[in-house]
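# based on what follows, work out the 3D shape:
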Amino acid sequence: MTFQCRPLGPLLYLSVALLGLALSACPKSGNIEEERTPQPETPSEAVCAQNADCASGEICGGGICIPFVTEAPSIDAGPNTVPLSTPDAGAAPQPVTDAGIQVVDAGPPAPITSYGIDITSPYHQSGHFANAALRFSAQASATGPDVDWSNATVTWTTETQANLYTGLDTGTFLSSFSTSLPSGHQVVSARLMRGTEVLATDSISLYMCEHGILLDFSEAPDEESWYSLVDRGNSSRNIWHSDGYVEMTNYLSQHAALFYLGRTIHPGDLRMNVRVSLGQCSTPGPCTSGSDGADGFAISIFDVSNEASLKSLIENHTSNGGTLGFMLVNDAENNPPPAVEAFHLEFDTYYNQLSWGHPHTDPTTQDHIQVHINGSMDDDIDVDPNSEVELWAEVPGLRDNEWHDIGVVIAGTEMTVTMDDEVIITGNVPSFDFKGGYLGVTSTTGGLFSYQRIDDFEIFDNCPYQDPEESP
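Numbers count the residues shown, from 1 in each chain. Have a look, this model is predicted:
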């Protein structure tokens, strides 16, 4: 039998080529893979149908035997991590420290020495009146192991005054003084100093009012704002003078009272100014009359509950003559007056020795100005039985018919009276507690008379604090 070798048909060549491609596309197994990648070498001329038809080092590709190479296996090493060592469970845990910072337990802090200063008077954000004496006080203190008061002092300043006061009592550690301040907003500072070293500081804000309430009588007192009683209601005499003042008396046996109802005077401190004229001539000013005059008048502040109580007190328990219209006496049915708290400043132009009502003898035969309290003419104005305080001064020129400026200041238990800017009365009444009330003036005459005039009440009893941005 004769065999004839025939060339392979196109279908067989195509089958061999597809088989070669399938082998080359086999998936990788595991983490190690061998790839046979054809190299760009010159292939042999052998025709093949499968790899077995090719020589060693060749594979069948596309029906032709071609060389192949084996690549190094590729290993997937997994995540690039370093496992932490497991600590020995039996060993004590070791602290992790920052080698760059050394933490040292220094224990409790050492005690330090500190100083303080506290302004106790006047109060922060309070109102007062300009150009009137105001009391300042500050308390110094210190704590610690090395307190040293040697050469210590307190310096007081304002924004415009570099040295308001300097001083410190090293026994009580108080710094106190009195002075006046100009009107407007003021910041007052107290500095506890040792040499140039500031140990402590404190500051307060104040508002200083320039004016008080002015009652100038440029117009006749109206009945809504004023209560008046003239000659106990038995006279149509007009006490207001067209020249702009009040003429309380101008003849014999007169009695007049005029009280302001527009507001009451606040309790606490008070400053009040008023102009007065007493004399024997009908027009204020120089007067050549040498006749005697009487009796005088008083500025009073009665602490009563309402207007009705005030009117009842004046109409039923005051009299003319030497009582000056403020000393309280029994009424027409001999009922005693009620107990009241009041302040009185009398201008007395006649020497009296009274044996009725409240027995009283003037402390001098000269014209004088005197302080009384509680509707009484007793010279002792301290209600404490263990203390006796009299506040009065002789004023020989009181009845000269000229205008005089009278000032009254009540600051706590301190009282001061000035006449034409000269202090004539000053003193302390330990038990005195000014309660405020209705302000008025009473005036009387008897067998002798004087022209007794009042003008320009200015009342400084309440100055509300204002913030700097509200200050005019």
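# return the residues in contact with Ser253.
Asn320, Gly321, Thr445, Gly446, Gly447, Phe449 (Cβ atoms under 8 Å, 6 or more residues apart in numbering). The way it works is simple: take the backbone N, C-alpha and C, and place the C-beta from them, glycine included.
# identify the residues contacting stretch 213-233?
The contact list for stretch 213-233 (Cβ under 8 Å, 6+ apart) reads 236-240, 244-246, 254-263, 307, 310-311, 314-315, 440, 454-459.
# for stretch 121-130, C-alpha coordinates in PDB please.
Taking C-alpha atoms only, stretch 121-130 is exported to PDB below (Å, rounded to 0.1, in the frame of the first residue of the first chain):
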ATOM      1  CA  SER A 121     -15.800 104.800 100.500                       C
ATOM      2  CA  PRO A 122     -17.500 106.200  98.500                       C
ATOM      3  CA  TYR A 123     -19.200 103.400  96.700                       C
ATOM      4  CA  HIS A 124     -18.400 102.500  93.100                       C
ATOM      5  CA  GLN A 125     -20.800 104.000  90.500                       C
ATOM      6  CA  SER A 126     -22.300 106.500  93.000                       C
ATOM      7  CA  GLY A 127     -23.300 110.100  92.500                       C
ATOM      8  CA  HIS A 128     -22.200 113.100  94.600                       C
ATOM      9  CA  PHE A 129     -22.100 116.900  94.300                       C
ATOM     10  CA  ALA A 130     -19.200 118.800  92.900                       C
END
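# for it, which positions count as buried?
Buried residues in stretch 121-130, counted by 16 or more other Cβ atoms under 10 Å: Pro122, His128, Phe129, Ala130.
# and which of these is nearest Asp405?
Phe129 (16.0 Å; Cβ to Cβ).
# hmm, who's touching stretch 114-129?
With Cβ under 8 Å, 6+ apart as the criterion, stretch 114-129 contacts 134-144, 147, 154, 181, 188, 190-192, 199-210, 212, 271, 460, 462-466.
# I'd like to know the average pLDDT value across that stretch.
Across stretch 114-129, pLDDT averages out at 94.
# and for stretch 422-439?
If you average the pLDDT over stretch 422-439, you get 93.
# how long is it from one end to the other?
In stretch 422-439, first residue to last residue: 24 Å (Cα to Cα, to the nearest Å).
# sorry, back to before: who wins for most neighbours among the contacts of Ser253?
Each of the contacts of Ser253 was scored for neighbours by other Cβ atoms under 10 Å, and Thr445 scores highest at 28 neighbours.
# for that residue, give me its contacts.
Thr249, Tyr251, Leu252, Ser253, Gln254, His255, Ala294, Asp295, Asn320, Gly321, Gln452.
# what do you get if the cut-off is 10 Å, keeping everything else the same?
248-256, 293-297, 320-321, 324, 349-350, 451-452 (Cβ atoms under 10 Å, 6 or more residues apart in numbering).
# roughly how far apart are it and Ala332?
21 Å (Cβ to Cβ, to the nearest Å).
# before we move on, what about Tyr451?
In this view, Tyr451 and Ala332 are 29 Å apart by Cβ to Cβ.
# got it, and Ala49?
Applying Cβ to Cβ, the value for Ala49 to Ala332 is 160 Å.
# low pLDDT regions in the stretch 251-400 of the chain?
Per-residue confidence for the stretch 251-400 of the chain (pLDDT under 70) gives these ranges: 354-359.
# okay, now the domains of this protein?
For the chain, automatic domain parsing gives the domain ranges 10-70, 114-209, 213-460.
# check the ones you listed for me and report the most buried one.
domain 213-460 (a mean of 18; mean count of other Cβ atoms under 10 Å).
# quick check: the farthest pair among the buried residues of stretch 121-130?
Pro122 and Ala130 (13.6 Å).
# rewinding a little: pick the one among the contacts of Ser253 closest to Gly436.
Asn320 (27.2 Å).
# dihedrals phi and psi, the closest residue to that closest one other than its chain neighbours?
Distances taken as Cβ to Cβ, 6 or more residues apart in numbering place His255 nearest to Asn320, at 3.9 Å, with adjacent residues excluded. His255 adopts backbone torsions of phi -150, psi 120, taken as degrees, to the nearest 10.
# beta-bridge partners for His255, please?
Thr444 (DSSP bridges).
# same question for the one 4 residues further on.
Phe259 has the following beta-bridge partners by DSSP bridges: Tyr227, Gly440.
# is it true that it touches Ile314?
Yes: checked against Cβ atoms under 10 Å, the pair Phe259 and Ile314 is within contact range at 7.4 Å.
# stretch 139-152: end-to-end distance?
Taking Cα to Cα, stretch 139-152 runs 13 Å from one end to the other.
# go on, stretch 49-67?
End-to-end distance of stretch 49-67: 15 Å, with Cα to Cα as the criterion.
# what are the ranges of the strands in the stretch 151-300 of the chain?
152-158, 165-166, 174-179, 184-194, 197-209, 213-215, 226-230, 240-241, 245-249, 255-260, 270-279, 296-303 (DSSP state E, counting those that start in this stretch).
# with distance to Cys287 added, can I get these in TSV?
Shown next, in TSV, are the strands of the stretch 151-300 of the chain (distance: least, Cβ to Cβ, whole Å):
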stretch	distance to Cys287
strand 152-158	46
strand 165-166	46
strand 174-179	39
strand 184-194	42
strand 197-209	37
strand 213-215	26
strand 226-230	24
strand 240-241	16
strand 245-249	15
strand 255-260	21
strand 270-279	5
strand 296-303	17
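# Met415: which of those is closest?
Among the strands of the stretch 151-300 of the chain, if distance is taken as Cβ to Cβ, the winner is strand 270-279, at 9.6 Å.
# what about that closest one, distance to the chain center?
Distance of strand 270-279 from its chain centroid, counting by Cα atoms, centre = their mean, to the nearest Å, is 34 Å.
# same check on stretch 142-162?
Here the centre of stretch 142-162 is set off from its chain's centre by 22 Å, with Cα atoms, centre = their mean.
# for that stretch, what is the average pLDDT?
Mean per-residue pLDDT for stretch 142-162: 95.
# how long is it from one end to the other?
Using Cα to Cα, the end-to-end distance of stretch 142-162 comes to 25 Å.
# now stretch 253-272
In stretch 253-272, first residue to last residue: 29 Å (Cα to Cα).
# and if you look at stretch 325-336?
Its first and final residues considered, stretch 325-336 spans 16 Å by Cα to Cα.
# same question for stretch 305-325.
20 Å.
# chain center to that stretch, what's the gap?
The answer for stretch 305-325 is 41 Å, by Cα atoms, centre = their mean.
# now do stretch 258-269
On Cα atoms, centre = their mean, the centre of stretch 258-269 falls 26 Å from that of its chain.
# switch to numbering from 136
Fine by me, first position is 136 from now on; the one you just mentioned is stretch 393-404.
# tell me which residue lies nearest the centroid of this structure.
The centroid of the chain falls nearest to Gln260 when counting by Cα atoms, centre = their mean (3.4 Å).
# now the helices: where do they sit in this structure?
Along the chain, the stretches classed as helices by DSSP state H are 145-159, 442-452.
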